[in-house]
Structure formats: structure tokens, C-alpha cells
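Undergrad: 3D, please:
(chains A and B)
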Amino acid sequence: MKRIVIHEEYCIGCHLCEIHCLVQHSSSRDIIKAYRLERSHLMPRVLVEESGPISFALQCRQCEEPACIEACISGAMHRDERTGAVICDESKCVGCWMCIMVCPAGAIRQNLLGTRIASKCDLCYGADVPACVAHCPNEALTYEEVGEGR
Amino acid sequence: MSMRIVIIGNSATAVGAVESIRQYDQAAEVMIISEEPHMIYSRPLLSHYLAGEIERPRLAYRGADFYVKHHVAAVLEDRVTAIEPDAHRVHTASGAEYAYDKLLIATGGQPIVPPTPGQEAEGVFTMTRLLDAERLLTYLRTHTVRRAVVVGGGMIGMKVTDALVKRGLEVTMVELAPLILSAALDQTASQMLSGLLRQAGVEIHTGNSVSEIGARGGHVAEVALKDGRTLPCDTVIFGVGVRPNVELARQAGLRVNRGIVVDEYMRTSAVDVYAAGDVAEAYDLVVDMNRTVAIWPNAYRQGMIAGAHMVGVLRPDKGGVAMNTVEAMGVPAMSIGYGNAPEGEYEVVTELDAPRHVYRRLVVKENRLVGAILVGQIERAGIYTGLIRHRIDISEHRRNLLSGHLSLLSLPDQYRKHVVRGVGIEV
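TA: You can find the predicted model right below:
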């Protein structure tokens, strides 16, 4: 399956990935409407890690043996049959935060803005290229077929 | 002829086993035998169901097509009464007999009910199975129930209490130990959660126990406590804990301590017989010994390991980490590994912000994190769990990590690369 690859050396810390992630997961998919009308219940599923001059954008790493699927008590966290991506079915999630307790990358966040749900990257379900990758101005994120033993 | 795998049990461990068997093998015949009549449901969600937060269909842990999709023959509402390890055969209560090539015992645990005079009264419940939750909900609907006594201030007692408060009941919690959640939390965290429960109107009696249940007209009317007090109440729920269901294994002559003794592939002392989940005594990497730890992630993972081995795939268990999450009045708390390790023997770093209900306790031994307790702020807690699980030397970055500044940029380079790539790490 395709995965998002992080290129730390190219990240300029602009946070555009976070903005476009939020827009992509809004119902309008329009940056102005998303920020004006929908922002109260939306949060980005990508996070820019920063420390001094170093930064990189982090989203779910699509682990080979996902600890979040093991730990999920509701069955919400699952591997999508079609794409193989690890995805949270938000209609099943009860917000127990077991997945947050086990994700080694800290890539799952509490979304307390609407109903309590675990919020994570879904690789922009169905899209050819995830929004964070498509809008990264410096190719600090790429979307590639990466096999075992990377 | 294809191999036949029989699984006794129908919860997280069984699902983990089935999913891993089918990842590697489509030919094996797989049979699940379960005493309960239900499709696979999530026991940890029962408190959410009891609280009225979710409807019954959401208890389903996997889709209704799970058995069909994975070619599993499900024998429900039947109970395995005996295992014959030499003959590779199990017997059930209905008189059926099933031969197996490989057997997985995933019988879980059953609630501990301390023998209490009056416990046969109407209105006394336990809370581990769907049937228990349905019985309690029916009782709440058909009787005037205002006051509940919850026996047990551990994880189960806590979840039941939280649920009943959300239903609008007046709840009294009775715990034998001097503190609630003492198995998972330290004194500070425990007192923070008791404080939150009390704010929500919960009465808590620690260092105490129910010595007798009094009934009127056959229904619960009051409990007498060890200290002589009497509490009027309309229902009593035992949430003391669970003990492993080891009887079948013991009768079959398997090696059993508190749980069924297993190796890193979940093999028991009998050939072709595996045990996994709450019933198994598997490796805990934090305490560096085998023990029973009744938590969902371990149950699922051990099921996967057993299932893989049954079809010839070696995925040795690297060990589990005891952990749990609990919530009191909307404030989440987590206990990971040996979070309540005593100071002195271990290096302990704490930070408390009482007005905001935020607390962090990190436990370090020989430059490695071995435990964490988090109250209030739980964002990115899995970074701590990863450090514990992989026994990462944190000396390089200890100040950042221990100050609660959780970022992948605070991790040792080599480990960070593994996390970022999402691949397993061999340490």
C-alpha cells in the first residue's frame, strides 16, 4: 500500500498541511467556509512537530502491526479492506482513548469538539493523494508505495 | 484433510486468533464454541451501554458477517465441559463432542463475588457479561431504584459507578483497600479521582466492606458495612474484579497457577493446546515475569500470536504491558506499566496542577521508563507506552520527556526513525 513518507530535511514548518487537512475533512471542502463555519468541530489530523530549527509533519504511520487496532475496545479502529489503511470508524468510536494510550507516534488525538472521538489520519479516504502531501510546498511529504523492510 | 481449530470463547482473544489464522491460512476449519448466545460483542463497552451512552447494536465488536467472512463455524449457547488433551477432543454440555487438531482456551475470567449473607436477594448484580448488563437495566426499568451500592473501587467498580451516576442514581462505592484504584494508581491520582467522584455526589467508603445485604420483600433494601454502618439502597453491584476461568484446564491436567501457564507462543503444557487472554499467565515485560493481566489489548494480541502459531507462523510474544484508562466525571486517567512503583527503589518524577485536575507521575529505573500515571492530560500518552514497551534508554532526552513535553523530537534518533517508519523495532 501507499504510505506518506516524511522528509524532515525539507519541512519549512509552514503548517499548510494542517490547514489543508482540516479543509479536506470539512463538509464544504472550501477553505473559507471550513474556517468560518465548520471549524468549531474540526481539527487537523496531521501535526507539525517542532523543536528549534527542526520540524516535520506527522500523521498516522500506518504501522505494520498497529497497536491501536489491538487496543480498540469498540472495533472502531480497523484496517480498511480495500486500501489496507488503518482507519477509525467514527460512528463506532466511544472515546475511551485506549488508542491514544498505545500509539507510539502519538499520532491519534482526542477530538472533544463534537462527540468524543479519536481523530486520526485516514489518508484522505479515497483520494489519489492525501491533502497534506498535495499541498506541501517543499515536498517534505511524499506519497509512495513502500514495502516491508523500509 | 484440512486442520481443525477449536476456540473456546468468543471475545477479543477469539477474534485476534481468527483474524490472524485467516491472515495466513484459508484452509483450516475454525470453530468457536461459546456459552453466550450473542455475536461477538465488546465487554468493555458494557459500562457505556449501562450509562446509556450507546445503544445495543454498538456493542458489536465486529460486523455481523464476521463468522461468514472468516469461515468460522460458531457453536453458540453451548458450554465445553471437558477437554481430553490426549484424545484431542472436547465435550460440551449439550452432549456434543468435537475433535480438534489445535485447541485455544480463551475462557476469560469470571466476576469475584465475596460470599456475603443476603446476596441471593433480588437486585444484586455483577457486571461482566451482556446478560448482567441487561438484567441490571431491566431491574432499573421495572423497579424504583434511586440508590446503588457498588462493591469494589477498582477498574470495574469505577466504570460501573461512573455509568450509574450518568443514569442519575445516587451511588455509594465500598472499597476494601484504603484507596480506590490502588492497583493502578498512586495515592495522589487516586485521591484526585475520589475527589471528582465525591463532587459528583458519590459517597466513598474505603477500608470497608459489605458484611451483609438486607432485603425487604425479597428485594435489596440496605447493606451493613464492616464498620457497623447501615446504608439504605435499592441495588448492589459487585465489581470487585475477575478471576481466570481455569477449571477446564485444571481438570484436563494442564499446568495452572493463577492462570493457565503459557510460553511465548501461548502454548500450554499440553500438546496442541493453547491459552490466551484473561485466562492465560503470559509474559509481562515490565515486571519481567508471567502473570495474568486482564486487559483487552493483551487478550487480542495473545489471540493473534496463538492463531498464527497454530497455522505454523512464528510471532513470539514480546510481552505485554499492564495498562488501563478510566474516567471520572469527564476527567480521563491512565495507568501504564508500573506507574505506582514506590519511590526510593525507583526514580519518580511528578508534576501536579490540582486546580486543573492535571497530574503526571513517571517512573524510571536504570534510565528506562517503566511506568506512567496520567490524569487530565493524556494527549500522546502512547509515546510513553512505546518507550516502556521497547525499553528505550532515555538518558539523552530525559529532561524533555520527563517534563511532559511529548514530541517525537524528544526521542533518541534510532528509535524515532523506527516510529516514524511505522515498523517494528528489535531491541
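
Undergrad: make it CA atoms for all contacts and neighbour counts henceforth
TA: Fine.

Undergrad: Which positions in stretch B:245-252 come out as buried?
TA: By neighbour count on 16 or more other C-alpha atoms under 10 Å in any protein chain shown, the buried set for stretch B:245-252 is B:245-249.

Undergrad: Report how many residues lie close to residue 45.
TA: By default, I'm working from chain A. Residues contacting A:Arg45 under the criterion other C-alpha atoms under 10 Å in any protein chain shown number 24.

Undergrad: wrong one, chain B
TA: For B:Leu45, using other C-alpha under 10 Å, the count is 23.

Undergrad: coming back round to it: now intersect the buried residues of stretch B:245-252 with the helices, please.
TA: Among these, the members found in helices (DSSP state H) are B:247-249.

Undergrad: Can you lay out those as CSV showing pLDDT?
TA: Formatted as CSV, these follow (pLDDT from 0 to 100):
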residue, pLDDT
B:Glu247, 97
B:Leu248, 98
B:Ala249, 98
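
Undergrad: Out of those residues, which is nearest to chain A?
TA: B:Ala249 (25.8 Å; C-alpha to the nearest C-alpha).

Undergrad: isn't the closest one right up against B:Asn257?
TA: No: the pair formed by B:Ala249 and B:Asn257 falls short of the contact definition of C-alpha atoms under 8 Å, at 10.7 Å.

Undergrad: Which residue lies nearest the spatial centre of chain A?
TA: In chain A, the centroid-proximal residue (C-alpha atoms, centre = their mean) is A:Cys121; its distance is 2.1 Å.

Undergrad: so that one, which of the three states?
TA: coil (DSSP: H, G, I helix; E, B strand; the rest coil).

Undergrad: and B:Glu203, what does it touch?
TA: Counting by C-alpha atoms under 8 Å, 6 or more residues apart in numbering or on different chains, B:Glu203 makes contact with B:171-173, B:197.

Undergrad: Look up how far chain A lies from B:Ala308.
TA: For B:Ala308, the distance to chain A (C-alpha to the nearest C-alpha, to the nearest Å) stands at 13 Å.

Undergrad: roughly how far out does the helix or strand that contains that residue sit from the chain middle?
TA: Per DSSP states H and E: B:Ala308 is located in helix B:296-310. Its chain's C-alpha centre and that of helix B:296-310 lie 15 Å apart, by C-alpha atoms, centre = their mean, to the nearest Å.

Undergrad: What of stretch A:51-60?
TA: 14 Å.

Undergrad: Next one: the closest residue in space to B:Ala12 that isn't next to it in sequence, what pLDDT does it get?
TA: Excluding its sequence neighbours, the residue lying closest to B:Ala12 (C-alpha to C-alpha, 6 or more residues apart in numbering or on different chains) is B:Tyr300, at 4.9 Å. As predicted, B:Tyr300 sits at a pLDDT of 98.

Undergrad: Would you mind listing what in chain B touches chain A?
TA: B:42, B:44-45, B:58-62, B:296-298, B:300-301, B:324-326, B:334, B:378-387, B:407-409, B:419-424 (C-alpha under 8 Å from any C-alpha of the partner chain).

Undergrad: Narrow those to those that are buried.
TA: Among these, those scoring as buried are B:42, B:44-45, B:58-62, B:296-298, B:300-301, B:324-326, B:334, B:378-387, B:407-409, B:419-423 (criterion: 16+ other C-alpha under 10 Å).

Undergrad: which stretches of chain B aren't confidently modelled?
TA: Chain B contains residues with pLDDT under 70 at B:1, B:423-427.

Undergrad: Pick out the residue nearest the middle of it.
TA: Chain B, centroid-nearest residue using C-alpha atoms, centre = their mean: B:Ile295 at 3.0 Å.

Undergrad: all strands of the stretch 51-200 of chain B, in order?
TA: Assigned by DSSP state E, counting those that start in this stretch, the stretch 51-200 of chain B shows strands spanning B:72-76, B:80-84, B:89-92, B:97-99, B:102-105, B:109-111, B:124-126, B:147-151, B:170-175.

Undergrad: I'd like these as JSON lines, with mean neighbour count appended.
TA: Converted to JSON lines, those look like this (neighbours: other C-alpha atoms under 10 Å in any protein chain shown):
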{"stretch": "strand B:72-76", "mean neighbour count": "16"}
{"stretch": "strand B:80-84", "mean neighbour count": "18"}
{"stretch": "strand B:89-92", "mean neighbour count": "17"}
{"stretch": "strand B:97-99", "mean neighbour count": "15"}
{"stretch": "strand B:102-105", "mean neighbour count": "26"}
{"stretch": "strand B:109-111", "mean neighbour count": "18"}
{"stretch": "strand B:124-126", "mean neighbour count": "22"}
{"stretch": "strand B:147-151", "mean neighbour count": "26"}
{"stretch": "strand B:170-175", "mean neighbour count": "24"}
